[in-house]
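Enquirer: mind folding the following:
(one chain, ligands or ions: 1)
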Amino acid sequence: MPVIEAGAAIVRGRVLFERRMPAPLNEYYDVVVTPGFSDTHAHPQVIDAGIIPGVTWNNSYEWLLTRRMVIDEASVRNDIGLASSLAGLTLKRALLEGTTLIALTGSFDANIKAFVRLKERPRTVLLPTVMKKRGWATPNGVADAYRRYAKYARDDFLRIGVFVHSIKYAGRDMLHEAIQLAMRIRGPLGIHLSEGVPEKEEFIDSSCCLDNVRVVGVHCLNDDYSDLGIRCSSCPGSNLLLYEKYVPSLGRVTSFGSDWPHFLGTIGGQIGLITELYRDRLSEALFKATVGGYLDYNLNYSGDLVAFDGSIRDVLSGRVKPRLVVVNGIVVVYDGRLVSTGESLGDVLKALDEVVDYAVEVHGIGEKPVKLGLEDAVERARRVRRASVRSEAR
Ligand SMILES: [Zn+2]
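Expert: Modelled structure (predicted):
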């Protein structure tokens, strides 16, 4: 069997040197990460976060009520061609950034069509969003769609569950319906939890019969859900940009989500931010950024790896992009390009710009959305860390 030789390897979060590992081809790379990065929460249809320069919010409910949108989110979701293009670009970007597993919320129809159409894709978890708001799906609607698409969910590549937007926007009855649905389809249930407000008591009070359901809470900024057996996908990038906060205690985080892959990149692209925030617990952070997502969604990671040319410092700071990406033993990115189409990360980002221009034209008020990126999140991470060190010293 062919082997990849690596000067250094990050294996299940541990940094090791001079490794040889089975792979589909005989090659040498400076650094290999196995499995690849996992991104446990991404909104592929979000191209406008309603950011107001200079403004931060206290919590998600406040942000959703007072943000300034220049593109109509519901129209983007209902434009199935556009919504599906955005999902397709997210999946391609994920691979080119070394993200070998990604969980997508939002439009089920758009996301699964993108998944089916692509030749190369990461392991994908589809969590269609349900809430009581005009234009959004209900658990019954997801159940109908699931019947149409369940045939694709047969292997270790595609897992289908449901995503409850939040306790407030779904309500107790819809949360119960979604739990029942997750149990019926044996899929995971995702939910935004404690995004700036304590919600643990309310969640315990509003949910029931969770014993047989895998729950992945997203954000968990204010509460620790680990004693309830609930996994926690932390999204430090968007949390820093919206609230200037992140979860400082890695112990209650099980994995990381990008939240806004079009602004911030997927978790493979955000590894510099994660290592900046958790540099004191690097191995644990790397475990959660790689294996963590596979454990959250109970997916196999055998045959998944990402390889780089460059120093381990360059890889961990996000300065170099993957040369090779392998999913389930199959090469999907070679020499930094998708194998079937030859597209590079630059090509995908250019295509994204064109799609966003179209969305501004057709679904917007003629202005481009305010775009805060990964550099802004890293800058805030440094500031927030400095402030917390200062307050500890006092
Ligand atoms: Zn989210």
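Enquirer: CA atoms for contacts and neighbours, from now on please.
Expert: Will do.
Enquirer: tell me the contacts of residue 169?
Expert: By C-alpha atoms under 8 Å, 6 or more residues apart in numbering, the residues touching residue 169 are 131-133.
Enquirer: make TSV from these and add distance to residue 282, neighbour count and pLDDT to it.
Expert: Below are these laid out as TSV (distance: C-alpha to C-alpha, whole Å; neighbours: other C-alpha atoms under 10 Å; pLDDT from 0 to 100):
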residue	distance to residue 282	neighbour count	pLDDT
131	37	22	96
132	40	15	95
133	40	10	90
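Enquirer: now, which of those residues sits nearest residue 251?
Expert: For those, the residue nearest residue 251 by C-alpha to C-alpha is residue 131; the value is 29.9 Å.
Enquirer: quick one: that closest one and residue 172 touch, right?
Expert: No - with contact defined as C-alpha atoms under 8 Å, residue 131 and residue 172 do not form a contacting pair (10.9 Å).
Enquirer: could you list the low-pLDDT ranges of this protein?
Expert: Regions of the chain meeting the criterion pLDDT under 70 cover residues 155, 394.
Enquirer: and residue 306, how many neighbours?
Expert: For residue 306, the number of neighbouring residues by other C-alpha atoms under 10 Å comes to 30.
Enquirer: let me see the contact set for the spatially closest residue to residue 208 that is not a sequence neighbour.
Expert: What sits nearest to residue 208 in space, not counting adjacent residues and going by C-alpha to C-alpha, 6 or more residues apart in numbering, is residue 176, at 7.1 Å. Counting by C-alpha under 8 Å, 6+ apart, residue 176 touches 206-208.
Enquirer: which strand or helix spans residue 176?
Expert: Applying DSSP states H and E as the criterion places residue 176 in helix 167-185.
Enquirer: list the buried residues for the helix or strand following that helix?
Expert: Beyond helix 167-185 in the direction of the C-terminus, DSSP H and E gives the next helix or strand as strand 189-193. Applying a neighbour-count criterion of 16 or more other C-alpha atoms under 10 Å, the buried positions in strand 189-193 are 189-193.
Enquirer: equivalent analysis for stretch 237-245, please.
Expert: 237-245.
Enquirer: can you check stretch 266-285 too?
Expert: Taking 16+ other C-alpha under 10 Å as the neighbour-count basis, stretch 266-285 is seen to contain the buried residues 266-278, 282-285.
Enquirer: with stretch 70-88 instead?
Expert: So for stretch 70-88, counting by 16+ other C-alpha under 10 Å, buried means 70-73, 75-78, 80, 82-88.
Enquirer: now stretch 347-355
Expert: Within stretch 347-355, the residues that count as buried by 16+ other C-alpha under 10 Å are 348-349, 352, 355.
Enquirer: can you list those in a markdown table and add secondary structure and distance to residue 119?
Expert: A markdown table is the format used below for the buried residues of stretch 347-355 (DSSP: H, G, I helix; E, B strand; the rest coil; distance: C-alpha to C-alpha, whole Å):
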| residue | secondary structure | distance to residue 119 |
| --- | --- | --- |
| 348 | helix | 15 |
| 349 | helix | 19 |
| 352 | helix | 19 |
| 355 | helix | 21 |
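Enquirer: dump the residues you listed to a markdown table, plus distance to residue 38.
Expert: Shown next, in a markdown table, are the buried residues of stretch 347-355 (distance: C-alpha to C-alpha, whole Å):
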| residue | distance to residue 38 |
| --- | --- |
| 348 | 19 |
| 349 | 20 |
| 352 | 22 |
| 355 | 25 |
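Enquirer: of the residues you listed, closest to residue 378?
Expert: Closest approach to residue 378 among the buried residues of stretch 347-355 (C-alpha to C-alpha): residue 349, at 20.1 Å.
Enquirer: so what's the closest one up against?
Expert: By C-alpha under 8 Å, 6+ apart, the residues touching residue 349 are residue 93.
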